[in-house]
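Q: Sequence and computational prediction follow.
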Amino acid sequence: MQNQSFITEFVFLGLSQNPTVQKIIFIVFLLVYIATIGGNMVIVVTILYSPALLGSPMYFFLAFLSFLDACFSSAFAPKMIVDLLYERKTISYKGCMIQLFAEHFFGGAEVIVLTSMAYDRYVAICKPLHYSSIMNWRLCGILVGVAWTGGFLHSIIQILFTFQLPFCGPNVIDHFLCDLYPLLELACTDTHIFGLFVVANSGFICIIIFTMLLVSYGVILFSLRTHNAEGRRKALSTCGSHIAVVVLFFVPCIFTYARPPSAFSFDKMVAIFYTMLSPLLNPLIYTFRNMEMKNAMRKVWKRLVVVSDEK
């Protein structure tokens, strides 16, 4: 393993060097982060405290997805928000590697959960008579285990390769978080092969899974022709939410990783989308048109109010 040389910390340039702009961004991002954690944890708590929802694989996966979104956002949002208060934004080499690991760990797990949710909808709509026998709790447990394992393997591979890179020159990252391509630009070695590896390990995987998901939802929507009007409406509402979340997650990831390593001025804007906005919008998308979730939230809220009144 090569020596990481003289670099012990990295300096972020962040989103802006203008102090006034930084204060505005600080307030906006703090509110977005609070809303993200609050929205996602409301979904988790609602499903955990609603036996009818928790007994459904779809809502079980939704709770898991919301938990992952909260973790994914927490991997870098607090650091990024605090950095907006400082003129010099630094992160230690170890902190940078931890941030990189967490981002790809939770992101990788989320990819597998979104795939599991698509499979769940496929079985529910295309094979309704076999749904309970196929989507049993043993399979759900296995899929959750695969999500954690897949996220870990994807992330540990990225980290092991990044550890091989020597950093001995400039340590300024033109970004607000540690990611693969910004780090490649600082390495004191030829990173062409590593760049291709990133495209293969992150970019192509995103493209393949995104294509598979779109095809699977296409098959689901095509099969709805045989359903009655009410069944079609309910299935379209659920699948529409799932497709929106899939597009929000995968399109920015494909843009970021499925191309040769080169800096675009709007890379940071795309990163904001998948690191801040996607985890914020997911709970809104899933609950906006879902009456079951809305009713369950009301029941849980009433229960909490009654408990607090009794105290």
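A: Thanks, I have the structure now. Predicted model, so just to flag it, every value in this text is computed and none were measured.

Q: can you pull out the helices in this protein?
A: 19-48, 51-54, 57-74, 77-83, 93-126, 131-134, 137-163, 180-184, 192-198, 205-223, 229-257, 267-272, 278-288, 291-310 (DSSP state H).

Q: mind putting those helices in TSV, distance to P170, mean pLDDT and mean neighbour count included?
A: In short, each C-beta sits where N, CA and C put it, glycine included. Shown next, in TSV, are those (distance: least, C-beta to C-beta, whole Å; pLDDT from 0 to 100; neighbours: other C-beta atoms under 10 Å):
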stretch	distance to P170	mean pLDDT	mean neighbour count
helix 19-48	22	92	17
helix 51-54	51	82	14
helix 57-74	29	93	22
helix 77-83	19	91	19
helix 93-126	14	91	20
helix 131-134	54	90	12
helix 137-163	17	92	16
helix 180-184	12	84	21
helix 192-198	18	79	15
helix 205-223	29	88	16
helix 229-257	22	83	17
helix 267-272	18	81	17
helix 278-288	31	84	21
helix 291-310	49	77	13
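
Q: closest to E9 out of those helices?
A: helix 93-126 (6.3 Å; C-beta to C-beta).

Q: so that closest one versus helix 278-288, what angle?
A: Helix 93-126 and helix 278-288 meet at an angle of 20 degrees, taking axes from the mean of the first three to the mean of the last three C-alpha atoms, to 10 degrees as the criterion.

Q: by contact count, what packs against helix 93-126?
A: Counting by 3 or more C-beta pairs under 8 Å, 6 or more residues apart in numbering; DSSP states H and E, the packing neighbours recorded for helix 93-126 are strand 9-12, helix 57-74, helix 131-134, helix 137-163, helix 180-184, helix 205-223, helix 229-257.

Q: Contacts only, for the closest residue to G39 other than its chain neighbours.
A: Take G39 and drop its neighbours on the chain: the residue closest to it by C-beta to C-beta, 6 or more residues apart in numbering is P283, 3.7 Å away. By C-beta atoms under 8 Å, 6 or more residues apart in numbering, P283 lies in contact with 39-40, 42-43, 66, 69.

Q: okay if I get the helices of the chain as TSV plus distance to L13?
A: Formatted as TSV, those follow (distance: least, C-beta to C-beta, whole Å):
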stretch	distance to L13
helix 19-48	12
helix 51-54	44
helix 57-74	21
helix 77-83	10
helix 93-126	14
helix 131-134	50
helix 137-163	20
helix 180-184	10
helix 192-198	21
helix 205-223	26
helix 229-257	18
helix 267-272	9
helix 278-288	23
helix 291-310	40
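
Q: and L84, which of the helices and strands packed on helix 93-126 is closest to it?
A: strand 9-12 (10.3 Å).

Q: Give me the contacts around stretch 178-195.
A: 5, 7, 10, 76, 91, 95-97, 99-100, 103, 158, 161-162, 165-175, 198, 202, 256-257, 260-261, 263, 267, 271.

Q: Please apply the same query to stretch 217-228.
A: Contacts for stretch 217-228 (C-beta under 8 Å, 6+ apart): 118, 121-122, 125-126, 231-232, 235-236, 239, 242-243, 246.

Q: Mind doing that once more with 6 Å?
A: 121-122, 125-126, 232, 235, 239, 243 (C-beta atoms under 6 Å, 6 or more residues apart in numbering).

Q: Equivalent analysis for stretch 42-55, please.
A: 59, 63, 66-67, 283, 296-297, 300.

Q: And those residues, which is closest to L85?
A: For the contacts of stretch 42-55, the nearest to L85 is P283 (27.4 Å; C-beta to C-beta).

Q: any idea how far that closest one is from N40?
A: P283 is 5 Å from N40, where distance means C-beta to C-beta, to the nearest Å.

Q: What of V146?
A: 22 Å.

Q: got it, and F288?
A: Taking C-beta to C-beta, one finds F288 at 14 Å from N40.

Q: which non-adjacent residue is nearest the spatially most central residue of the chain?
A: For the chain, the residue nearest the mean C-alpha position is G107 (4.7 Å; C-alpha atoms, centre = their mean). Using C-beta to C-beta, 6+ apart and skipping residues adjacent in sequence, the residue nearest G107 is F72, 6.2 Å away.

Q: how near is the one you found to F250?
A: 14 Å.

Q: before we move on, the earlier item: the helices and strands packed on helix 93-126 into TSV, with extra columns for distance to V32?
A: TSV is the format used below for the helices and strands packed on helix 93-126 (distance: least, C-beta to C-beta, whole Å):
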stretch	distance to V32
strand 9-12	18
helix 57-74	9
helix 131-134	37
helix 137-163	24
helix 180-184	22
helix 205-223	24
helix 229-257	15
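
Q: Lovely, talk soon.
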